[in-house]
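Chemist: turn this into a structure:
(2 chains)
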Amino acid sequence: GENVEQHPSTLSVQEGDSAVIKCTYSDSASNYFPWYKQELGKGPQLIIDIRSNVGEKKDQRIAVTLNKTAKHFSLHITETQPEDSAVYFCAASGSRDDKIIFGKGTRLHILP
Amino acid sequence: GAGVSQSPSNKVTEKGKDVELRCDPISGHTALYWYRQSLGQGLEFLIYFQGNSAPDKSGLPSDRFSAERTGGSVSTLTIQRTQQEDSAVYLCASSLVGRGMDEQFFGPGTRLTVL
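Modeler: Reported below is the predicted structural model:
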(Lines give C-alpha, C1' and ligand atoms only; values in the text may rest on other atoms or scores of the structure.)
Protein backbone atom coordinates (compact mmCIF):
# COMPACT_ATOMS: atom_id res chain seq x y z
CA GLY A 1 0.00 0.00 0.00
CA GLU A 2 0.84 3.68 -0.06
CA ASN A 3 3.44 5.04 2.34
CA VAL A 4 3.97 8.77 2.95
CA GLU A 5 7.12 10.07 4.59
CA GLN A 6 7.21 13.67 5.89
CA HIS A 7 10.09 15.75 7.18
CA PRO A 8 11.13 17.55 9.20
CA SER A 9 9.07 16.52 12.22
CA THR A 10 9.71 19.91 13.81
CA LEU A 11 10.59 23.20 12.16
CA SER A 12 11.30 26.59 13.72
CA VAL A 13 11.57 29.69 11.54
CA GLN A 14 11.84 33.38 12.27
CA GLU A 15 8.71 35.39 11.60
CA GLY A 16 8.85 36.71 8.06
CA ASP A 17 11.11 33.93 6.79
CA SER A 18 9.98 31.03 4.61
CA ALA A 19 9.17 27.48 5.70
CA VAL A 20 9.42 24.36 3.56
CA ILE A 21 8.01 20.95 4.42
CA LYS A 22 8.77 17.94 2.23
CA CYS A 23 6.98 14.66 1.62
CA THR A 24 7.63 11.55 -0.42
CA TYR A 25 5.16 8.86 -1.42
CA SER A 26 5.65 5.32 -2.61
CA ASP A 27 2.73 4.50 -4.92
CA SER A 28 3.14 5.95 -8.40
CA ALA A 29 -0.63 5.58 -8.94
CA SER A 30 -1.38 8.28 -6.35
CA ASN A 31 -2.75 11.41 -7.99
CA TYR A 32 -4.16 13.65 -5.26
CA PHE A 33 -1.95 15.39 -2.68
CA PRO A 34 -3.63 17.57 -0.05
CA TRP A 35 -2.05 19.48 2.82
CA TYR A 36 -3.84 19.94 6.14
CA LYS A 37 -3.16 22.33 9.02
CA GLN A 38 -4.05 21.35 12.55
CA GLU A 39 -4.23 23.96 15.27
CA LEU A 40 -4.17 23.02 18.92
CA GLY A 41 -7.35 21.31 20.05
CA LYS A 42 -8.92 21.29 16.59
CA GLY A 43 -9.31 18.88 13.73
CA PRO A 44 -7.10 19.24 10.65
CA GLN A 45 -8.23 21.68 7.97
CA LEU A 46 -7.36 21.60 4.28
CA ILE A 47 -5.14 24.51 3.25
CA ILE A 48 -4.13 23.55 -0.28
CA ASP A 49 -4.15 20.53 -2.55
CA ILE A 50 -2.63 19.53 -5.87
CA ARG A 51 -3.53 16.91 -8.43
CA SER A 52 -1.06 15.05 -10.57
CA ASN A 53 -1.84 16.94 -13.76
CA VAL A 54 -0.05 20.07 -12.47
CA GLY A 55 3.40 20.66 -11.05
CA GLU A 56 2.75 23.70 -8.88
CA LYS A 57 -0.14 25.51 -7.25
CA LYS A 58 -0.12 28.76 -5.31
CA ASP A 59 -2.59 30.44 -2.99
CA GLN A 60 -1.34 33.74 -1.54
CA ARG A 61 1.56 32.88 0.80
CA ILE A 62 1.21 29.13 0.36
CA ALA A 63 2.46 27.05 -2.55
CA VAL A 64 2.76 23.37 -3.24
CA THR A 65 5.05 21.70 -5.76
CA LEU A 66 4.83 18.16 -7.09
CA ASN A 67 7.51 16.08 -8.78
CA LYS A 68 5.79 12.91 -9.98
CA THR A 69 8.96 11.39 -11.36
CA ALA A 70 10.71 11.59 -8.02
CA LYS A 71 7.48 11.07 -6.05
CA HIS A 72 8.15 14.19 -4.00
CA PHE A 73 5.84 17.05 -3.04
CA SER A 74 6.50 20.08 -0.89
CA LEU A 75 4.67 22.85 0.95
CA HIS A 76 6.16 26.34 0.88
CA ILE A 77 4.98 29.10 3.21
CA THR A 78 6.43 32.55 2.57
CA GLU A 79 6.45 35.60 4.86
CA THR A 80 5.53 33.44 7.83
CA GLN A 81 3.31 34.89 10.53
CA PRO A 82 2.58 33.82 14.13
CA GLU A 83 -0.75 32.30 13.10
CA ASP A 84 1.12 29.87 10.84
CA SER A 85 2.28 28.03 13.97
CA ALA A 86 0.53 24.64 13.83
CA VAL A 87 1.03 21.02 12.81
CA TYR A 88 0.99 20.42 9.06
CA PHE A 89 0.16 17.07 7.44
CA CYS A 90 0.77 16.02 3.89
CA ALA A 91 -1.25 13.20 2.36
CA ALA A 92 -1.54 11.13 -0.80
CA SER A 93 -4.44 9.25 -2.32
CA GLY A 94 -5.92 7.99 -5.56
CA SER A 95 -4.03 4.74 -5.64
CA ARG A 96 -5.65 1.35 -5.79
CA ASP A 97 -7.99 1.89 -2.89
CA ASP A 98 -10.04 4.81 -1.62
CA LYS A 99 -7.91 5.61 1.40
CA ILE A 100 -5.93 8.78 1.91
CA ILE A 101 -2.61 8.19 3.65
CA PHE A 102 -1.23 10.93 5.87
CA GLY A 103 2.33 11.75 6.78
CA LYS A 104 3.26 11.92 10.46
CA GLY A 105 3.11 15.70 10.55
CA THR A 106 5.44 18.67 10.98
CA ARG A 107 5.17 20.94 13.97
CA LEU A 108 5.93 24.45 12.73
CA HIS A 109 6.97 27.11 15.24
CA ILE A 110 7.12 30.75 14.12
CA LEU A 111 9.59 32.60 16.30
CA PRO A 112 9.00 36.30 17.12
CA GLY B 1 -23.44 25.88 7.82
CA ALA B 2 -22.74 23.31 10.51
CA GLY B 3 -19.51 21.40 10.31
CA VAL B 4 -18.70 17.91 11.50
CA SER B 5 -19.51 17.41 15.15
CA GLN B 6 -18.27 14.73 17.52
CA SER B 7 -19.35 13.70 20.98
CA PRO B 8 -18.25 13.48 23.64
CA SER B 9 -15.33 15.88 23.37
CA ASN B 10 -13.58 14.05 26.20
CA LYS B 11 -14.07 10.56 27.57
CA VAL B 12 -12.30 9.01 30.53
CA THR B 13 -12.93 5.34 31.11
CA GLU B 14 -11.53 2.43 33.02
CA LYS B 15 -9.63 -0.38 31.38
CA GLY B 16 -11.99 -3.12 30.27
CA LYS B 17 -15.03 -0.90 29.77
CA ASP B 18 -16.74 -0.33 26.41
CA VAL B 19 -17.00 3.15 24.88
CA GLU B 20 -19.04 4.65 22.05
CA LEU B 21 -17.91 7.69 20.12
CA ARG B 22 -20.34 9.57 17.90
CA CYS B 23 -19.83 11.51 14.69
CA ASP B 24 -22.36 13.75 12.94
CA PRO B 25 -21.08 14.45 9.42
CA ILE B 26 -21.97 17.38 7.20
CA SER B 27 -25.40 16.83 5.69
CA GLY B 28 -25.21 15.41 2.17
CA HIS B 29 -21.66 14.10 2.46
CA THR B 30 -21.49 10.56 1.16
CA ALA B 31 -18.15 9.62 2.67
CA LEU B 32 -17.20 9.32 6.32
CA TYR B 33 -13.80 8.45 7.76
CA TRP B 34 -12.54 7.62 11.24
CA TYR B 35 -8.92 8.25 12.25
CA ARG B 36 -6.92 7.81 15.41
CA GLN B 37 -4.27 10.33 16.47
CA SER B 38 -1.97 9.31 19.27
CA LEU B 39 0.07 11.93 21.13
CA GLY B 40 2.43 13.62 18.72
CA GLN B 41 1.62 11.15 15.96
CA GLY B 42 0.02 11.37 12.57
CA LEU B 43 -3.45 10.34 11.50
CA GLU B 44 -3.98 6.60 11.55
CA PHE B 45 -6.79 5.47 9.24
CA LEU B 46 -9.37 3.26 10.95
CA ILE B 47 -12.47 2.85 8.77
CA TYR B 48 -14.18 4.42 5.77
CA PHE B 49 -17.85 4.51 4.75
CA GLN B 50 -18.82 5.39 1.17
CA GLY B 51 -22.52 5.71 0.44
CA ASN B 52 -24.26 2.36 0.64
CA SER B 53 -21.11 0.33 -0.07
CA ALA B 54 -19.62 -2.05 2.43
CA PRO B 55 -17.21 -0.11 4.68
CA ASP B 56 -13.46 -0.41 4.35
CA LYS B 57 -12.48 -1.75 7.76
CA SER B 58 -8.86 -2.45 6.88
CA GLY B 59 -7.49 0.05 9.38
CA LEU B 60 -9.22 -1.25 12.49
CA PRO B 61 -6.42 -2.39 14.84
CA SER B 62 -8.30 -5.29 16.44
CA ASP B 63 -11.70 -6.92 16.63
CA ARG B 64 -12.43 -4.83 19.71
CA PHE B 65 -13.04 -1.93 17.33
CA SER B 66 -16.20 -1.61 15.25
CA ALA B 67 -18.17 1.14 13.60
CA GLU B 68 -21.59 1.70 12.12
CA ARG B 69 -23.10 4.37 9.96
CA THR B 70 -26.87 4.52 10.18
CA GLY B 71 -28.99 5.90 7.37
CA GLY B 72 -25.93 7.19 5.59
CA SER B 73 -25.49 9.88 8.22
CA VAL B 74 -24.47 9.53 11.88
CA SER B 75 -21.65 7.14 12.69
CA THR B 76 -20.68 5.45 15.93
CA LEU B 77 -17.24 4.02 16.68
CA THR B 78 -17.33 1.40 19.43
CA ILE B 79 -14.31 0.15 21.34
CA GLN B 80 -14.94 -2.90 23.48
CA ARG B 81 -12.86 -3.91 26.50
CA THR B 82 -10.75 -0.77 26.26
CA GLN B 83 -7.01 -0.97 26.85
CA GLN B 84 -4.59 1.78 27.89
CA GLU B 85 -3.06 1.80 24.42
CA ASP B 86 -6.46 2.86 23.05
CA SER B 87 -5.91 6.30 24.64
CA ALA B 88 -5.82 8.80 21.78
CA VAL B 89 -7.81 11.45 19.97
CA TYR B 90 -10.38 9.91 17.63
CA LEU B 91 -11.15 12.10 14.64
CA CYS B 92 -14.05 11.81 12.25
CA ALA B 93 -14.14 13.42 8.81
CA SER B 94 -16.69 13.59 6.03
CA SER B 95 -16.44 14.51 2.39
CA LEU B 96 -18.87 15.14 -0.42
CA VAL B 97 -17.57 12.64 -2.95
CA GLY B 98 -15.13 10.46 -1.05
CA ARG B 99 -12.75 7.91 -2.47
CA GLY B 100 -9.93 9.96 -0.94
CA MET B 101 -10.15 12.43 -3.78
CA ASP B 102 -11.76 15.50 -2.27
CA GLU B 103 -11.51 17.72 0.80
CA GLN B 104 -12.17 16.01 4.07
CA PHE B 105 -13.86 18.10 6.75
CA PHE B 106 -12.75 17.06 10.20
CA GLY B 107 -14.58 17.26 13.47
CA PRO B 108 -12.81 18.49 16.63
CA GLY B 109 -12.20 14.93 17.83
CA THR B 110 -12.93 12.92 20.95
CA ARG B 111 -10.07 12.62 23.41
CA LEU B 112 -10.23 9.15 24.95
CA THR B 113 -8.29 8.37 28.11
CA VAL B 114 -8.23 4.80 29.38
CA LEU B 115 -7.08 4.53 32.99
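
Chemist: what is the neighbour count of B:Pro61?
Modeler: Neighbours of B:Pro61 under the rule other C-beta atoms under 10 Å in any protein chain shown: 12. Where C-beta positions appear, they are placed from N, C-alpha and C, glycine not excepted.

Chemist: that one: helix or strand, and which one exactly?
Modeler: For B:Pro61, there is no host helix or strand (DSSP states H and E).

Chemist: for it, give me its contacts.
Modeler: Neighbouring residues of B:Pro61 by C-beta atoms under 8 Å, 6 or more residues apart in numbering or on different chains: B:Arg36, B:Leu46.

Chemist: state the distance from it to chain A.
Modeler: Taking C-beta to the nearest C-beta, to the nearest Å as the measure, B:Pro61 and chain A are separated by 15 Å.

Chemist: what's the distance between the helix or strand of chain A with the lowest mean pLDDT and the middle of its chain?
Modeler: For chain A, scoring each helix and strand by mean pLDDT, DSSP states H and E identifies strand A:100-102 as the least confident one, at a mean of 90. Centroid separation between strand A:100-102 and its chain, computed with C-alpha atoms, centre = their mean, to the nearest Å, is 11 Å.

Chemist: what strands line up against that strand, and which way round?
Modeler: strand A:86-93 (antiparallel) (DSSP bridges).

Chemist: quick one, phi psi at residue 85?
Modeler: Reading this off chain A. Dihedral angles phi and psi of A:Ser85 (degrees, to the nearest 10) take the values phi -60, psi 120.

Chemist: you answered for a different chain; I wanted chain B.
Modeler: B:Glu85 has phi and psi values of phi -70, psi -10 when expressed as degrees, to the nearest 10.

Chemist: what's the pLDDT at it?
Modeler: On pLDDT, B:Glu85 comes in at 95.

Chemist: and if you look at A:Asn3?
Modeler: 89.

Chemist: ok, it to A:Pro34 distance?
Modeler: A:Asn3 is 17 Å from A:Pro34, where distance means C-beta to C-beta, to the nearest Å.

Chemist: those two: who's more crowded?
Modeler: Regarding A:Asn3 and A:Pro34, a neighbour count based on other C-beta under 10 Å identifies A:Pro34 as having more, with 24 against 11.
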